[in-house]
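Colleague: next come a sequence and a model predicted from it.
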Amino acid sequence: MIQWTAELLLVNNNYKSCSFLRFPLRRHPHILTANPANVQHILKTRFDIYQKTTSFRATHQELYRDNLFLAEGGQQRWRKLRQLFGHQVNSRSFLKYAMLVTENEVSNRLLPFLISNTAIVVDLHDILRRFTYDVVFRMVLGHDLAYLSNNFPQTKFADSFEYAKELSWMRLFSLTWKAKRFLNMGSEKRLGLEISEMREFLRQIMRRKKEAGRRLLDQNINDNDDFISGLLLMNNNNDQRDDDDEEILIDASINLILAGVETLLAALKWFFLSVSRNPNVEDKIVKEVKDERKDIRDMIYTHASIFESMRLYPPVPLGGLEATQDDVLPDGTNVNMGTTVIFHTYAMGRSPELWGNDWPEFRPERWLKRTEENHETFLARDSYTYPVFHGGPRICLGKEIALAQIKTVATAILRRFHMVPAMEEKDYEPLYSSPSSDGFLVKVVHRN
Ligand code: HEM
């Protein structure tokens, strides 16, 4: 679906929006676009009249509930939640904590795991999936899931989380989900059970956090700067919190875990895949990350390579927003109220008009420029030409953290290991952490 809609846009319709794509049996028409001016229009200029789609909100209501992701942009509730999340996510203590957790998980779990599994074929997708759960869960709740380990443990939370996500998505393609929900049967019954399990797991952690009076959950690391502890701290009367507050904190955790796990996993997975397919790029990254004089922030070639892999393989390939009023896009396309405008991030990353005829090449150099003093610097693009992290008032809140985390993992791994793909090239598959994913098989080889 991602590939053929991208071709539809880039090959048949070139640069214009196409409004003929109507999904059968759906009441609302969809417009596809790969035009940065249109993207800027819906994400920023007319932000107030473009909302999360009615179908997405209906199908994902039980999973996200009335929290940041589904709250309508422009409305008071979203603004309040955005401010609350933003205050916490962008605080210095949280950033520091997020990086401490990432470094800790890399050195204590990921690297030892890879060391004990060198020279055999492993599924990097599964390893990174477990790793990202551990990192994000700890960042959000200060709790150690211990999901990445040599005995590949099951974790009820991750299983329920992934089923709940998949079943919510499947509703978009089902004509009978509302009837099944009413009758509480089949996939709807299962969805209800998985969400309850997930929430109960989080509820127990919340209670332990409160009971412990925010004592450290993990003695190895200062685990009280996590996202939820920060929110609890904002309210001095923790003990007075009632069950409603507890449910809101559970909603907030689910929203942040959903935002972080899949995207980080997809970004890491496709980064390693792209690098392993491009030995010239890998050599340059290795040279940079092995240079002991360089701080991680100065590793701009690695930084550029991360942006380049997300250009070709964006963790979130499409963004769709529904018009709440009639409108006209900058390229002249009429948008009737109720129409969903989909901006195609994946297609945009493959557009010759935006990236030149060498767009299929994995070439981090396109993100670098030389200054007059002959220094190489990073050449950023605006977030409407490169909407990988969304753009406008609703831009990804975790962008800076995510980039620092990807860089930390990338440098730690590539400094020591070379990943040799042990499977045929596969197509881009945007179901990032689906339990049914057939993985990314590699042989982990020690450098030197
Ligand atoms: C490479 C990694 C990441 C990418 C590519 C990414 C991309 C995105 C995108 C495209 C959106 C908009 C989604 C939508 O509204 O439909 C978004 C929103 C968001 N992201 Fe990220 N994200 C990443 C990592 C993270 C991480 C690690 C966190 C958590 C710390 C995070 C937190 C959020 C939040 C809270 C929102 C919702 C913002 C709002 O609705 O106001 N993201 N992200």
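Modeller: Done, it's in.
Colleague: how about the contacts made by the residue nearest in space to the middle of the chain?
Modeller: Geometric centre of the chain, nearest residue: T263, 2.0 Å, by C-alpha atoms, centre = their mean. Taking C-beta atoms under 8 Å, 6 or more residues apart in numbering as the criterion, T263 is in contact with 315-316, 398, 402, 432. Where you see a C-beta, it was placed from the backbone N, CA and C, and this is true even at glycine.
Colleague: near the ligand too, which of those?
Modeller: By C-beta under 6 Å from any ligand atom, the members of these lying near the ligand are 315-316, 398, 402.
Colleague: strands of the stretch 301-448 of the chain, residue ranges please.
Modeller: 318-323, 327-328, 334-335, 340-344, 368-370, 376-378, 417-421, 441-446 (DSSP state E, counting those that start in this stretch).
Colleague: nearest to the ligand, of those?
Modeller: Nearest to the ligand among those is strand 318-323; the distance by C-beta to the nearest ligand atom comes to 5.5 Å.
Colleague: quick one: the longest helix anywhere in the chain to strand 417-421, angle?
Modeller: Longest helix in the chain, counting residues (DSSP state H): helix 243-277. Calculated by axes from the mean of the first three to the mean of the last three C-alpha atoms, to 10 degrees, helix 243-277 forms an angle of 80 degrees with strand 417-421.
Colleague: out of the strands of the stretch 301-448 of the chain, which gets nearest to V275?
Modeller: Nearest to V275 among the strands of the stretch 301-448 of the chain is strand 417-421; the distance by C-beta to C-beta comes to 7.6 Å.
Colleague: which strands and helices sit next to that closest one?
Modeller: Packed against strand 417-421 by the contact rule (3 or more C-beta pairs under 8 Å, 6 or more residues apart in numbering; DSSP states H and E) you find helix 243-277, strand 441-446.
Colleague: okay, now the one residue in the chain that gets nearest to the ligand: neighbour count?
Modeller: Proximity of the chain to the ligand (C-beta to the nearest ligand atom) peaks at G398, 2.2 Å away. G398: 20 surrounding residues under other C-beta atoms under 10 Å.
Colleague: that one touches A259, doesn't it?
Modeller: Yes - if you go by C-beta atoms under 8 Å, G398 and A259 touch, sitting 6.3 Å apart.
Colleague: and the furthest pair within the contacts of T263?
Modeller: Spatially, the most separated pair among these is G398 and Y432, at 15.2 Å (C-beta to C-beta).
Colleague: so who does the closest residue to G230 other than its chain neighbours touch?
Modeller: Nearest non-adjacent residue to G230, counting by C-beta to C-beta, 6 or more residues apart in numbering: Q88, 4.5 Å away. Residues near Q88 by C-beta under 8 Å, 6+ apart: 94, 227, 230-231, 234.
Colleague: buried residues, the helix or strand harbouring Q88. List them.
Modeller: Using DSSP states H and E, Q88 sits within helix 76-89. For helix 76-89, burial by neighbour count (16 or more other C-beta atoms under 10 Å) applies to 78, 81-82, 85, 88-89.
Colleague: show me where the stretch 301-448 of the chain has helices.
Modeller: Counting by DSSP state H, counting those that start in this stretch, the stretch 301-448 of the chain has helices at residues 345-348, 352-355, 399-416.
Colleague: typo on my end, the stretch 51-200 of the chain
Modeller: For the stretch 51-200 of the chain, the helices defined by DSSP H, counting those that start in this stretch occupy 54-64, 76-89, 92-105, 111-115, 124-141, 156-171, 177-183, 186-211.
Colleague: pick the most deeply packed of the strands of the stretch 301-448 of the chain.
Modeller: strand 340-344 (a mean of 25; mean count of other C-beta atoms under 10 Å).
Colleague: and that strand, which strands flank it?
Modeller: Next to strand 340-344 in the sheet, as set by DSSP bridges, lie strand 30-33 (parallel), strand 318-323 (antiparallel).
Colleague: ok, residues contacting that strand?
Modeller: With contacts defined as C-beta under 8 Å, 6+ apart, strand 340-344 is touched by 5-6, 9, 17, 28-34, 38-39, 42-43, 50, 53, 317-323, 329, 335, 387.
Colleague: quick one, which of those are buried?
Modeller: Among the contacts of strand 340-344, those buried by neighbour count (16+ other C-beta under 10 Å) are 5-6, 9, 17, 28, 30-34, 38-39, 42-43, 50, 53, 317-323, 329, 335, 387.
Colleague: least confident secondary structure element in the chain?
Modeller: Lowest mean confidence among the helices and strands of the chain (mean pLDDT, DSSP states H and E): helix 2-7, at a mean of 74.
Colleague: that one packs against which elements?
Modeller: Against helix 2-7 (3+ C-beta pairs under 8 Å, 6+ apart) you get helix 345-348.
Colleague: out of the helices of the stretch 51-200 of the chain, which one sits most buried?
Modeller: Highest mean neighbour count among the helices of the stretch 51-200 of the chain (mean count of other C-beta under 10 Å): helix 124-141, with a mean of 25.
Colleague: and that helix, average pLDDT?
Modeller: Average pLDDT, helix 124-141: 95.
Colleague: do it and the ligand meet?
Modeller: No - when contact is scored as C-beta under 6 Å from any ligand atom, no part of helix 124-141 falls within range of the ligand; the minimum is 6.6 Å.
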